[in-house]
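Engineer: My questions concern the predicted model and sequence given below.
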Amino acid sequence: MSASSVNRRRILSLWLPRLPIDRIQRFFGALGKTKAFSSEVGTGSREENASKQKDKPSIVVIKDSNALVIHALDKAAERLGLHIGQPLANARAMCPDLRVFDADVVADAKTLSDIADWCDRFTPLVALDPPHGLFLDITGCAHLFGGEAALLQTLVRALARQGFAVSAAIAGTSVCARTLTRQTPGVIVADGGEAAAIDRFPVSALGAGEATTTGLRRAGLKTIGDVASRSPSEITARFGARFSTLLAHALGQGDAPISPRKPLPDYIVEKRFAEPIATDTMIAMTLSQLADTLIASMEKQGKGARRLEAAFFRTDGVVRAIMVETGRPVTRSVVIDRLFRERLDALADPLDPGFGFDMVRLSASRTEVVVQEQRDLDAHVHDNDELAALIDRIAARIGGKRVVVHLPQDTHIPECAVLAAPAQHHLAAAQKAEWPDRVESEPPLRPLRLFDQPELVTVPFATVPDGPPHQFTWRRAKHAVVRVEGPERIAMEWWRQDGKQLTRDYFRIEDAEGLRFWIFRDGLYEGEVFNADGEPAPPKWYVHGLFA
């Protein structure tokens, strides 16, 4: 490969043509554990019956235009002449002894996503190629696995051992690589050889759609080489700019970038094992070593980590990822160790190593420049550091969204006057927030805490139309009013709502037993509340909070 081609993009296209049926057979295949299998098992040993069931042709059907058609099929069904898109009735006529499964598109997508997670061990740039394909940008990383050929064989063999039929190819563009996987899997095209590699393929291999493919064939263009021999302007005028661009990408004349499932982290360190690890001690030791390496890499550029992710790759293809966030940039590996230890100890679903992890990766997906502060004489800086560290540890154990601080908001509406925000990201703002000062020797104007939703109360009558009630019923208990303060009238913000919210009159009320309530009337008499006939109706009353 020339030096210029090293800098060019290299795309590995992965295709799992039998993903729906492979997924089902992986879980229900060998011993016939599904209901469909057990209903057909006759006499004989379990292993013999399982072997008989395994030899039967299997298909997956999906509903299309009020008819069930074949969505996927295994090799045995394919040898009988069945094909995708064939009606189920015709397939049963050709093969009465046929196992049929319903398609589960959601489960297939989840399986493809799991395979994409596993492919992260080769490159962090993995993109979906629906419905059953993936793109891997292996530019500059193939040498880590012994070259492109070794990487291709390693990937295909590993997926085959997991029970998947797979084909793969490598080219300089994603469209060319995708075309090769459908026609001649296992091919590695050198940079600049895309046009020659696909020259003899039928035009249908481009995946341009049935209408475009039919039009090309009617025009006498049966192969990709026939289409490439025509001028681009002629192809664009007849079949549109989209197909012309697709053809150019297939021939290696430029390519649209793939869209990776996950953004590329700022820093990545990983460790691979010849012998898988499974003990907690080895996992903790590995994370500690990776943390040292990661901190050293970030320190060279004066950065600290705000979001960290540890990914554990099991030998059976399962990938488990754990993420922690910090309120301030982390610059010490001991802090990373402590956060992940807290996170691992708090997992509801423990980290199951299975047969062991053969790779562990630690990445910093969000980093910030570390700002140096005076820490020797300023006690407040040390207090803030300790508070931030405590918040990080609690967040790692119970979740960052559960550790909140309250920030004042510039509004008179009670339920909107305070915003609960994650403490890790808003600690500094909470420390600088200014709250209204309470007037000394005066009772509080509002309760310290409000109900999540105001609770409806029954008011038989009020002293005057806009006055407080004499008594009210709340939670099936009657309360006689002995003292009242108010009203405090709060009109809704007309610029933020469509007029459906009504004006409120709040009262601070004390009953005969000494309980103090904060209640409001929702709407004004003869002004905002009307019945179905358009006549004034009595507004409703609510309890919004209780005073201590």
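Structural biologist: All right, it came through fine.
Engineer: Only C-alpha atoms from now on, for both contacts and neighbour counts.
Structural biologist: Noted.
Engineer: ok, residues contacting the helix or strand harbouring residue 245?
Structural biologist: Residue 245 belongs to helix 241-250 when assigned by DSSP states H and E. Here helix 241-250 makes contact (CA atoms under 8 Å, 6 or more residues apart in numbering) with 173-176, 179, 194-195, 206, 208, 228, 232, 235-236, 254-256.
Engineer: Show me which of those are buried.
Structural biologist: Among the contacts of helix 241-250, those classed as buried by 16 or more other CA atoms under 10 Å are 173, 174, 175, 176, 179, 194, 195, 206, 228, 235, 255.
Engineer: okay, these in CSV with pLDDT and distance to residue 155 next?
Structural biologist: Below are the buried ones among the contacts of helix 241-250 laid out as CSV (pLDDT from 0 to 100; distance: CA to CA, whole Å):
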residue, pLDDT, distance to residue 155
173, 92, 19
174, 92, 17
175, 93, 20
176, 93, 19
179, 93, 19
194, 92, 22
195, 91, 26
206, 89, 24
228, 90, 32
235, 88, 37
255, 77, 24
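Engineer: Go through those and flag which are in helices.
Structural biologist: Using DSSP state H, the members of those that fall in helices are 174, 175, 176, 179, 194, 195, 228, 235.
Engineer: pLDDT score for the closest residue to the last one other than its chain neighbours?
Structural biologist: Distances taken as CA to CA, 6 or more residues apart in numbering place residue 244 nearest to residue 235, at 6.2 Å, with adjacent residues excluded. What the model reports for residue 244 is a pLDDT of 90.
Engineer: try residue 237
Structural biologist: According to the prediction, residue 237 has pLDDT 89.
Engineer: Tell me the spacing between it and residue 203.
Structural biologist: Look at residue 237 and residue 203: by CA to CA, to the nearest Å, they are 18 Å apart.
Engineer: ok, these two, which is more surrounded?
Structural biologist: The residue with the greater number of neighbours, taking residue 237 and residue 203 and applying other CA atoms under 10 Å, is residue 203; the counts read 23 against 10.
Engineer: you'd agree the more buried one is up against residue 219?
Structural biologist: No: contact between residue 203 and residue 219 fails when scored by CA atoms under 8 Å: they sit 11.7 Å apart.
Engineer: so how far is stretch 109-117 from its chain's centroid?
Structural biologist: If you compare the mean C-alpha spot of stretch 109-117 with that of the full chain, they lie 12 Å apart, counting by CA atoms, centre = their mean, to the nearest Å.
Engineer: Next, residue 275: phi, psi?
Structural biologist: Taking degrees, to the nearest 10, you get phi -120, psi 120 for the backbone angles of residue 275.
Engineer: what's the closest non-adjacent residue to it?
Structural biologist: On the basis of CA to CA, 6+ apart, the spatially nearest residue to residue 275 that is not a chain neighbour turns out to be residue 358, at 6.8 Å.
Engineer: tell me the SS of the one you found?
Structural biologist: Residue 358 carries the three-state label strand when classified by DSSP: H, G, I helix; E, B strand; the rest coil.
Engineer: now the one 3 residues further on
Structural biologist: Assigned by three-state DSSP, the conformation of residue 361 is strand.
Engineer: do you know how far it is from residue 318?
Structural biologist: The spacing between residue 361 and residue 318, counted by CA to CA, is 14 Å.
Engineer: neighbour-wise, which of these two wins?
Structural biologist: Neighbours per residue (other CA under 10 Å) separate residue 361 from residue 318, with residue 361 holding more: 20 against 16.
Engineer: can you tell me which residues contact the more buried one?
Structural biologist: Taking CA under 8 Å, 6+ apart, we find residue 361 in contact with 268, 269, 270, 271, 290, 310, 311, 312.
Engineer: Counting neighbours, which of those end up buried?
Structural biologist: Among the contacts of residue 361, those buried by neighbour count (16+ other CA under 10 Å) are 268, 269, 270, 290, 310, 311, 312.
Engineer: a helix runs through the first one, doesn't it?
Structural biologist: Okay, so that is residue 268. No: assessed by three-state DSSP, residue 268 does not belong to a helix; its assignment is strand.
Engineer: Count the neighbours of the residue nearest to it when sequence neighbours are not counted for me.
Structural biologist: Here the nearest residue to residue 268 in space, its sequence neighbours aside, is residue 363; by CA to CA, 6+ apart that works out to 4.3 Å. By the other CA under 10 Å criterion, the neighbourhood of residue 363 contains 22 residues.
Engineer: Provide a list of residues in contact with residue 363.
Structural biologist: Contacts for residue 363 (CA under 8 Å, 6+ apart) come out as 265, 266, 267, 268, 269, 294, 308, 309, 310.
Engineer: I'd like the distance between the last one and residue 319.
Structural biologist: What it means is residue 310. As for residue 310, its distance to residue 319 is 10 Å (criterion: CA to CA).
Engineer: repeat for residue 368
Structural biologist: Note on residue 368: its distance to residue 319, by CA to CA, is 28 Å.
Engineer: Mind checking which of the two has more residues around it?
Structural biologist: Neighbour comparison, residue 368 and residue 319: the larger count goes to residue 319, with 22 against 15 (by other CA under 10 Å).
Engineer: What distance do you get for residue 525 to residue 508?
Structural biologist: 20 Å.
Engineer: Who has more neighbours out of those two?
Structural biologist: Remark: of residue 525 and residue 508, residue 508 carries more neighbours, 23 against 15, as counted by other CA under 10 Å.
Engineer: my read: residue 84 touches residue 69, true?
Structural biologist: Yes: Residue 84 is within contact range of residue 69, at 7.5 Å (criterion: CA under 8 Å).
Engineer: Which of these two has more residues huddled nearby?
Structural biologist: For the pair residue 84 and residue 69, the greater number of neighbours falls to residue 69 (22 against 14), based on other CA under 10 Å.
Engineer: Next one, pLDDT for the more buried one please.
Structural biologist: Here the pLDDT value assigned to residue 69 is 93.
Engineer: Return the residues in contact with it.
Structural biologist: Residues in contact with residue 69 (CA under 8 Å, 6+ apart) are 61, 62, 63, 84, 85, 86, 87, 88.
Engineer: likewise residue 445?
Structural biologist: Going by CA under 8 Å, 6+ apart, residue 445 touches residue 508.
Engineer: again, but for residue 492
Structural biologist: When the contact criterion is CA under 8 Å, 6+ apart, the partners of residue 492 are 413, 501, 502, 503.
Engineer: I'd like these written out as a markdown table, with neighbour count and pLDDT added.
Structural biologist: As requested, the contacts of residue 492 are arranged in a markdown table below (neighbours: other CA atoms under 10 Å; pLDDT from 0 to 100):
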| residue | neighbour count | pLDDT |
| --- | --- | --- |
| 413 | 14 | 85 |
| 501 | 14 | 76 |
| 502 | 18 | 85 |
| 503 | 19 | 87 |
